[in-house]
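[1] kindly generate the corresponding structure for this input.
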Amino acid sequence: VSWSARETGPTATPRDTRMLADIKSLVTIGDADVRLLALVDLTIVQGEPAAIEVRLPAGYELVGVTGSSLERSEPHADRVVLFVTPAARRRHQFLLNLERSSAGGSLKFNTGLPTIPAVQRETGEVSVWGVGALEITSEDVPGLRRMDVREVDAALVSAARQALLAAFRYQRGASGPPALALNVTRFPDAAVLAAIAERAVATTLVTKEGRALTEVSLLIRNRAQPLMKVVLPV
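    Okay, the predicted model is just below:
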């Protein structure tokens, strides 16, 4: 087995290995941090690599990585080496969790994306959501194509606690995956009603003695209100 001239040692990928990768990333813009969740689907076309190198975008710290075929991981400053078992397995899937600090508020935000240098073809998607009231506009970046947020992978949609704000597709070029450039405007949170009655029907029966019996039917949209207050006539 011959090894790549770029690296030597057990973490290198054999030259006769052919791999295809699809990387779907979810970027979360928080109040004081940015989180990047990357779902990596790797298909082995030729060879039996025991270790796979994933390059990490600048500025992020690797919080964790999981995968059914992952034996162990070896993190470095700008990359992580994933050791897999069995080496003869033809498909691997990993979930990478990355974080970096952010100034918060409104900002111009740029981020790179995870990539696997040894693959012959790498496609990917990146979607964005944020905590709080945000408006996001994106700059035109060569290699990034807008996509409908309804087409985003269901596994990543379930990881977002609010609606996705933007989504893009790309195919890695010779210089690597494109970087995402966003203008983020944050608005102050506004108070919202905890509950509202969308429809109310009140039926009152008055007896000869002057007593009244009232039946009230309500269709309520309740967000966080555990009780209902009723104001009675004087």
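[2] now the spatially most central residue of the chain: which helix or strand?
    Among the residues of the chain, the one closest to the centroid is residue 26, at 2.2 Å (CA atoms, centre = their mean). Per DSSP states H and E: residue 26 is located in strand 18-29.
[3] tell me the strands beside the very next helix or strand once past that strand, with direction?
    Counting by DSSP H and E, the next helix or strand C-terminal to strand 18-29 is strand 33-46. Within its sheet, strand 33-46 is paired with strand 18-29 (antiparallel), strand 91-101 (antiparallel), according to DSSP bridges.
[4] out of those, deepest packed?
    Compared across those, strand 18-29 shows the largest average neighbour count, a mean of 21 (mean count of other CB atoms under 10 Å). Where you see a C-beta, it was placed from the backbone N, CA and C, and this is true even at glycine.
[5] hang on, the earlier thing: roughly how far does the residue nearest to the centre of the chain sit from residue 142?
    22 Å (CB to CB, to the nearest Å).
[6] okay, and the beta partners of the closest residue to residue 117 other than its chain neighbours?
    What sits nearest to residue 117 in space, not counting adjacent residues and going by CB to CB, 6 or more residues apart in numbering, is residue 55, at 5.9 Å. Beta-bridge partners of residue 55, counted by DSSP bridges, are residue 79, residue 115.
[7] follow-up on the earlier one: so for residue 200, which of the strands paired with strand 33-46 sits nearest?
    For residue 200, the closest of those is strand 18-29, at 39.3 Å, according to CB to CB.
[8] and the average pLDDT for that closest one is what?
    What strand 18-29 shows for mean pLDDT is 94.
[9] same deal with stretch 125-136?
    88.
[10] restrict stretch 132-140 to CA atoms and write it as CSV.
    C-alpha atoms of stretch 132-140 as CSV (Å, rounded to 0.1, in the frame of the first residue of the first chain):
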residue,chain,number,x,y,z
GLY,A,132,-34.3,35.0,18.7
ALA,A,133,-35.6,37.5,16.2
LEU,A,134,-33.1,37.5,13.3
GLU,A,135,-33.0,38.7,9.7
ILE,A,136,-30.4,37.0,7.6
THR,A,137,-29.3,38.2,4.1
SER,A,138,-26.6,36.3,2.2
GLU,A,139,-23.9,37.6,-0.1
ASP,A,140,-23.3,36.0,-3.5
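[11] what are the buried residues along that stretch?
    Buried residues in stretch 132-140, counted by 16 or more other CB atoms under 10 Å: 134, 136, 138.
[12] where does the spatially closest residue to the first one that is not a sequence neighbour sit relative to residue 131, distance-wise?
    In space, residue 134 comes closest to residue 186 once its chain neighbours are excluded; the distance is 5.6 Å by CB to CB, 6+ apart. Applying CB to CB, one obtains 9 Å for the distance of residue 186 from residue 131.
[13] which one of these two is surrounded by more residues?
    Set side by side, residue 186 and residue 131 show more neighbours around residue 186, with 18 against 15, by other CB atoms under 10 Å.
[14] list the buried residues in the helix or strand encompassing the more buried one.
    Taking DSSP H and E as the criterion, residue 186 maps to strand 180-187. Using 16+ other CB under 10 Å as the test for burial, strand 180-187 gives 180, 182, 184, 186.
[15] pull the CA atoms of that strand into PDB?
    Provided in PDB are the C-alpha atoms of strand 180-187 (Å, rounded to 0.1, in the frame of the first residue of the first chain):
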ATOM      1  CA  LEU A 180     -20.700  31.200   3.700                       C
ATOM      2  CA  ALA A 181     -21.000  34.900   4.100                       C
ATOM      3  CA  LEU A 182     -24.100  36.300   5.900                       C
ATOM      4  CA  ASN A 183     -25.300  39.600   7.200                       C
ATOM      5  CA  VAL A 184     -27.100  39.000  10.500                       C
ATOM      6  CA  THR A 185     -29.500  41.600  11.900                       C
ATOM      7  CA  ARG A 186     -30.800  40.900  15.400                       C
ATOM      8  CA  PHE A 187     -34.000  42.500  16.700                       C
END
